[in-house]
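> Show me how the following folds:
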Amino acid sequence: MTEAGLSRGRVWFEALAAGAPLLAGGPASVLAADVELGGERVRMIAVAPDPDNRFPRARTGEVGLDEGWGVAARVREAMDGSGRLILAIVDVPSQAYGRAEELYGIHLACAAAADAYASARLAGHPVVSLIVGRALSGAFLAHGYQSNRVLALDDAGVSIHAMGKQAAARVTKRTVEQLEKLGEEILPLAYDVRSFARLGLIHELIDGVDADAPGDTDVAKVAGRVAAAVADARQGPRDLSSRLASVAARENRAASIRVREALRRQWA
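Next up, the predicted model:
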């Protein structure tokens, strides 16, 4: 949360929306607007905390049942054949954990969101994710991970990982401090955004902006980097192969690349 009590996701959504009205309907925790960015029409989507969420486990920005289906609906609404950009503003702490979520199928809700983003990307809509805060666990898989290009603010408050620190500590029977120490030696265990970028999954780290209270210059800089990422995505393939083509990926994901090559040869 920022000092004003707003999530970074909402702060950046409102900053980039520049007064554009929210689209009507859908859960209050799923923010969506059609805006002009870099001279083109953009569908912008964010998940934000809602203290009145009918599912208590999804009140602090988690991607839950309503959020998964809500994001999927907003993405598919934008698949109008125009090839317009879909921009995911990402600040999500995790998927929602709870008995209701398991009973009513959170796996289906999150899968629907991931499938919608992937379908839009493959249909020729550039999908760009802008990570401004946390991008953790299944929440990031559902909202943001399926994009052509992933951008992230180069800020200590940005964290990307498959599992939150406390949960990872419980699973591995270690303390959080021990995990942080391991992260200094084992790159995939690190939580900071610079370490994640070394895995090759981030297209660009954006530095020199105020992540919590962006001013006009900060917003203009980020909008410019989003536009550049869109131009780059339109020149490349619609799949996610670019994530394994960077220098960082070839250096730090060499084993993963070799496994994929071996599988490709076997299935050719």
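
> list the contacts for Asp154?
Contact partners of Asp154, counting by Cβ atoms under 8 Å, 6 or more residues apart in numbering, are Val193, Arg194, Leu205, Ile206, Asp207, Gly208. C-beta coordinates here come from the backbone N, C-alpha and C atoms, glycine included.

> Of these, which qualify as buried by neighbour count?
By neighbour count, with 16 or more other Cβ atoms under 10 Å, the contacts of Asp154 hold Val193, Leu205, Ile206 as buried.

> for this structure, which helix is longest?
helix 216-235 (DSSP state H).

> Name the residues that touch that one?
12, 15-16, 18, 37-40, 85, 87, 126-128, 130, 148-149, 151, 153, 203-204, 206, 208-210, 214.

> Kindly recompute the last result at 7 Å.
With Cβ atoms under 7 Å, 6 or more residues apart in numbering as the test, helix 216-235 has contacts from 15-16, 37-38, 85, 87, 126, 128, 130, 148-149, 151, 203-204, 206, 209-210.

> okay but Met163 is in contact with Ser137, surely?
Yes - using Cβ atoms under 7 Å, Met163 is in contact with Ser137, at 5.6 Å.

> got the CA positions of stretch 226-245 in PDB?
Extracted C-alpha coordinates of stretch 226-245, given in PDB (Å, rounded to 0.1, in the frame of the first residue of the first chain):
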ATOM      1  CA  VAL A 226       4.800   0.900 -22.700                       C
ATOM      2  CA  ALA A 227       4.500   2.200 -26.200                       C
ATOM      3  CA  ALA A 228       8.000   1.000 -27.100                       C
ATOM      4  CA  ALA A 229       7.200  -2.400 -25.700                       C
ATOM      5  CA  VAL A 230       4.100  -2.600 -27.900                       C
ATOM      6  CA  ALA A 231       6.000  -1.700 -31.000                       C
ATOM      7  CA  ASP A 232       8.600  -4.400 -30.100                       C
ATOM      8  CA  ALA A 233       5.800  -7.000 -29.500                       C
ATOM      9  CA  ARG A 234       4.200  -6.200 -32.900                       C
ATOM     10  CA  GLN A 235       7.500  -7.000 -34.600                       C
ATOM     11  CA  GLY A 236       8.000 -10.300 -32.900                       C
ATOM     12  CA  PRO A 237       6.100 -13.600 -32.700                       C
ATOM     13  CA  ARG A 238       2.800 -13.900 -30.800                       C
ATOM     14  CA  ASP A 239       4.100 -16.700 -28.600                       C
ATOM     15  CA  LEU A 240       6.300 -16.300 -25.600                       C
ATOM     16  CA  SER A 241       9.600 -17.500 -27.200                       C
ATOM     17  CA  SER A 242      11.200 -14.100 -26.700                       C
ATOM     18  CA  ARG A 243      11.500 -14.900 -23.000                       C
ATOM     19  CA  LEU A 244      14.200 -17.500 -23.800                       C
ATOM     20  CA  ALA A 245      16.000 -15.400 -26.400                       C
END
